[in-house]
Structure formats: structure tokens, C-alpha cells
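> Model the structure of this input:
(one chain, ligands or ions: 1)
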Amino acid sequence: MGPDDPGYDAARAVWNSMIDRRPALIVRPTGTEDVVAALRFAREQDLIVAVRCGGHSIPGFSTCDDGIVIDLSRLRGAEVDPERRTARVRGGSLLSELDDAAQAHRLVCPVGVVSHTGVAGLTLGGGMGRLQRKLGLTVDSLLAVELVTADGRVVRASEDENPELFWGLRGAGANFGIVTSFEFRLHPLDGLVTHGTVTHPIERAEELAERFRELTEDGPDELWTSFGMAVGGTHGPVVSVSVLHSGSPADAERDLAVLRALDDPLEDSIEAKPYLASQRLFDAPMEWGQRFAMKSSFLASLPEALVREWGDELSRMPDGAEGGFSIWAWGRAIAAVPEDDTAFTGRDAAFWAGAEVLWADESIDAPCRSWARTAVDAAAPHATAGRYVNDVAEVGGEVARTIYGDAKYERLLTLKREWDPDNLFRLNQNVAP
Ligand SMILES: Cc1cc2nc3c(=O)[nH]c(=O)nc-3n(C[C@H](O)[C@H](O)[C@H](O)COP(=O)(O)OP(=O)(O)OC[C@H]3O[C@@H](n4cnc5c(N)ncnc54)[C@H](O)[C@@H]3O)c2cc1C
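Prediction:
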């Protein structure tokens with residue numbers, strides 16, 4: 001499809017409406033052979049290549065001006081083998097497809113929290129989600145991929161086949177080829193989880209932060225927690241703790257007592273609900289077509305002073321925007337995987353912290369972006385190694401080196417020179433050969 005075709009404008013749109021690019025051509029392969037043919041064509045015509053799964057890349061890596069978009073939206077679907085507890089997922093699938101297929105057998109793969117996100121982009125960068133303390137990152141459940149390489153070969157990568165490539169794909173994956181199929185290990189999850197948020201006025205931020213730290217340190221691996229400070233909702237500036245407990249409702253009630261004992265919340269939405277319902281709760285608030293910016297950091301701790309500074313930072317968010325800070329409990333199953341086992345960098349942190357801003361009015365683009373760029377700066381003294389590649393909105397220069405650190409970056413560079421020496425796959429946090 002090209003600029004003169006009906007549907008071109010809808011087809012070129014990506015999730016973040018800050019991104020407005022006009023590719024020369026959008027192709028929608030229906031199988032691996034089509035992907036091979038599209039790549040061959042791109043090489044022959046010397047076109048810049050954008051690869052698209054869910055289209056949620058925050059800096060807009062899955063589209064381009066004047067080049068070709070290889071849009072995998074016709075390469076969707078997940079098949080589960082309940083005996084082996086594995087899922088085979090096509091390279092253009094959305095999280096909802098994997099969630100639905102796995103839960104049909106009371107199984108689960110740990111993935112992200114908005115079900116219209118793409119499996120490919122999320123997985124190839126790492127994959128955070130509400131089951132991460134029990135089951136690890138998405139990439140920790142990845143068993144193998146089928147990949148179309150820059151020179152048009154179809155290869156498999158796993159711990160046994162092309163293991164070094166498999167290492168790089170788990171954290172820097174958009175650099176090495178087009179994944180046409182993923183194979184994941186699945187885990188038992190019996191339908192119901194206890195999930196929701198307790199919200200209080202911002203004045204209680206320090207008190208709630210203390211409860212969050214207690215829950216995070218003392219709670220079981222089944223308990224995921226996040227701490228939030230936000231503006232833009234119906235209550236004015238608020239502080240909240242969100243939880244998902246994947247154990248029994250009785251265990252959840254026991255483990256969450258300390259949080260729910262706080263008087264007079266503005267809201268308490270914690271209750272038992274189907275896992276699939278919880279996975280879709282944020283689909284509407286995070287719908288397509290928003291203007292969005294963010295920045296994140298890994299933290300060793302969440303000191304009181306930082307909570308106070310971030311509380312103050314909320315008042316500097318531009319009028320008309322909404323968002324704030326969210327801090328997720330890290331560690332446990334994530335930290336159980338040795339740092340050097342995957343290209344993903346940042347397993348040693350105690351917390352992941354992100355500043356996010358959403359807005360609709362173009363005229364406040366600049367202050368919103370600028371807020372997101374600097375809002376997490378106060379965390380610098382508490383930051384640990386690595387950055388989560390899927391959150392990084394800056395592009396070019398040495399950005400990729402700051403994500404992976406020098407040693408892993410050099411290892412990725414060797415891999416890139418072997419698998420994509422001409423940098424055909426460059427619309428990503430690029431390891432430039
Ligand atoms: C609303 C929203 C919610 C989010 N929630 C979470 C969350 O809970 N947890 C989390 O970890 N992250 C989350 N993210 C971040 C998300 O992981 C990244 O934006 C990710 O890149 C999205 O993947 P995608 O397939 O949708 O993106 P796309 O824009 O399609 O692709 C992203 C990158 O992957 C490459 N790529 C896409 N498909 C393939 C393929 N088949 N083979 C090789 N490379 C490919 C693209 O070229 C591009 O560089 C969220 C983002 C948004 C916008």
C-alpha cells in the first residue's frame with residue numbers, strides 16, 4: 001500500500017500520536033516467505049526498513065518516512081501445547097492473543113499490562129508485567145524464535161541453536177532480524193487473581209510509600225506491587241499502591257492487610273477478578289491515538305526524600321496533561337536470572353521507576369516532552385545499571401550504550417556485525433556496526 005491508496009492514513013498511524021510519518025510503502029506479509037520477499041525487495045530498492053508488530057514503540061521505531069513498513073498484523077495467532085506447556089506465537093501477535101490462548105488451558109506467559117501491545121516489541125526488549133516477581137520477564141519464558149535475517153535466511157535461535165544470537169535477541173532483539181514466530185514456556189495460572197489499586201490524597205505519599213516498601217520486602221513472590229503518584233484524575237493529585245496477587249484469595253487477603261488497613265481511601269478497587277479481565281483493565285485508558293512521553297530508571301531504593309521531590313515535580317506537569325510516576329517492585333524471579341544470561345540489562349535493581357505523561361493538545365507538546373525528559377532526574381543518585389530499552393524515547397548517538405553498558409554493548413556489536421553488518425535493522429535502539 002502506498003500514499004495514494006485508500007486506507008493509507010489509517011495504516012501508517014502508530015500508537016503514539018506524536019509520531020506522524022509517511023512511508024513510501026506498507027506491506028502486510030501473511031507468512032515467513034512473504035517476509036523474506038519484502039526484505040529482498042527493500043534491499044534491492046535500498047529502502048529504509050521499519051518492522052511493525054503492535055505499533056506501540058514510544059519513539060515510533062515501527063514506522064518511517066519514505067521507506068518500507070513491514071507490518072506483521074496479518075501474522076497473528078497463538079497455539080498452545082497444553083502437555084508441553086508451551087505456546088507458539090506468530091510474530092505480529094498482540095498480548096491479548098497469547099493471554100487468551102494460554103488461559104484457555106489455565107496457563108500463562110508473563111507479559112505486559114495493556115493487551116493491545118505487540119508481543120514482538122515487548123518480548124525482544126524484555127517484557128515487564130504483573131507476574132514478574134513470580135515468573136520473571138517475558139524474555140525469561142522465551143524458548144526459541146524463528147527469525148528472518150538481514151540476508152534473507154530463516155534461522156532458529158534458542159539455547160541450543162545459535163545461542164549467542166538467542167542471547168542478544170533477549171533484550172536487544174529488534175537489531176537482528178524479523179521474528180516470525182516465538183516459542184514460550186507457559187506456567188500454571190488458575191483464572192482468578194486479586195488485583196486493584198488503593199488511592200489516597202497526595203498528602204499521604206510518604207505513609208503509603210512506607211507501606212509499599214513493607215509489602216515489597218515482606219510479600220511473597222506471588223505479590224506484585226507498584227507505587228504511583230499522579231495528577232489528572234477526578235480527585236486531584238493522588239498517591240496509590242497497586243497490587244496483583246496470583247495466589248489464593250485467602251492468601252491475598254492476609255498478605256494485603258497492611259495496605260487495606262489504612263483509613264479513608266479515596267478508592268479501593270482491590271478484588272478477586274479473572275486474570276484476563278485484569279489484563280484488559282488499562283486497554284481503554286491507554287487506547288491508540290494519545291500523545292505520550294516517558295522516561296524510566298532502575299533504582300536501588302526509594303528514599304523518602306525522593307518521594308517528596310517527585311510529589312513536588314507533579315505540580316510542574318503542564319496544565320492539560322495527565323500522568324505522574326509509577327514505581328514497580330523488581331527483583332525476585334527477575335533477579336534469579338544471572339545478569340549476563342541475557343542482553344536485557346537491569347536485573348539487580350530493587351525498583352523500576354517511570355515518569356509518564358499523556359496529553360491531547362499539540363500546543364503543549366514541548367513542555368510535556370520536557371517534563372518527561374527531566375522528571376526522573378532526581379533519581380540519579382539512587383539509579384542502578386542499565387535502562388529498560390522499551391521505555392527509552394531518546395534516539396541516536398550513544399543511547400544504546402547507556403542501555404546495555406559497555407561490556408554488553410561490545411558483545412552486541414560483535415553479534416550485529418555477524419548478523420546485520422549493513423545495519424538493515426536500524427529503527428530500534430541501534431547497535432550500530
Ligand atoms: C500503552 C503501552 C503499554 C505498555 N505496557 C508495557 C508493559 O506493561 N510492559 C512492558 O515491558 N512494556 C510496555 N510497553 C512498552 C512496550 O514494550 C514497547 O513499546 C514495545 O516496543 C511495544 O511493542 P510493539 O510490538 O507493540 O511495538 P512496535 O512499535 O511494533 O515495535 C517495537 C520495536 O520492535 C521491533 N519489532 C516489532 N516486531 C518485530 C518482529 N516481529 N521482529 C523483530 N523486531 C520487531 C520494531 O522494529 C521496533 O523497533 C507499553 C507501551 C505502551 C505504548
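> which residues of the stretch 201-350 of the chain fall in strands?
223-231, 238-245, 267-268, 271-274, 291-299, 322-329 (DSSP state E, counting those that start in this stretch).
> Quick check: residue 239 touching residue 197?
No: Residue 239 is beyond contact range of residue 197, at 10.6 Å (criterion: C-beta atoms under 8 Å). To be clear about C-beta, it is placed using only N, CA and C from the backbone, and glycine gets the same treatment.
> So which bits of the stretch 101-250 of the chain are right by the ligand?
Counting by C-beta under 6 Å from any ligand atom, the stretch 101-250 of the chain comes close to the ligand at 112-114, 117-118, 120-122, 124-129, 174, 178-179.
> Give me the common contacts of residue 239 and residue 197.
Shared contacts of residue 239 and residue 197, defined by C-beta atoms under 8 Å, 6 or more residues apart in numbering, are found at residue 228.
> Looking at these two, which is more packed in?
Neighbour count, other C-beta atoms under 10 Å: between residue 239 and residue 197, residue 239 has more, with 27 against 17.
> pLDDT score assigned to the nearest residue to residue 333 once chain neighbours are set aside?
In this structure, residue 333 finds its nearest non-sequential neighbour in residue 136, 4.0 Å apart by C-beta to C-beta, 6 or more residues apart in numbering. pLDDT, residue 136: 98.
> Okay, residue 136 and residue 191: tell me how far apart.
Residue 136 is 21 Å from residue 191, where distance means C-beta to C-beta, to the nearest Å.
> quick one, which of the two is more surrounded?
Comparing residue 136 with residue 191 by other C-beta under 10 Å, the one with more neighbours is residue 136, at 22 against 12.
> from what I can see that one touches residue 109, true?
No: taking contacts as C-beta under 8 Å, residue 136 lies outside contact range of residue 109: 10.5 Å.
> Stretch 416-433 near the ligand anywhere?
Yes: on the criterion C-beta under 6 Å from any ligand atom, stretch 416-433 is in touch with the ligand at 427-428.
> Okay, buried residues for that stretch please.
Judged by neighbour count using 16 or more other C-beta atoms under 10 Å, the buried positions of stretch 416-433 are 416, 419-420, 424-431, 433.
> Closest one of these to the ligand?
Closest approach between these and the ligand, by C-beta to the nearest ligand atom: residue 428, at 3.9 Å.
> Would you agree that closest one is in contact with residue 175?
Yes: with contact defined as C-beta under 8 Å, residue 428 reaches residue 175; the gap is 5.5 Å.
> Common neighbours of the two, please.
Contacts common to residue 428 and residue 175, judged by C-beta under 8 Å, 6+ apart, are absent.
> Least confident secondary structure element in the protein?
helix 257-260 (a mean of 93; mean pLDDT, DSSP states H and E).
> what helices or strands is that helix leaning on?
The contact analysis (3 or more C-beta pairs under 8 Å, 6 or more residues apart in numbering; DSSP states H and E) places helix 257-260 against helix 205-218.
> Can you list the neighbours in contact with the helix it packs on?
So helix 205-218 is in contact with 198, 200, 223, 225-227, 229, 239-241, 243, 255-256, 258-259, 262, 302, 304, 307-308, 311, 327, 329, 350-351, going by C-beta under 8 Å, 6+ apart.
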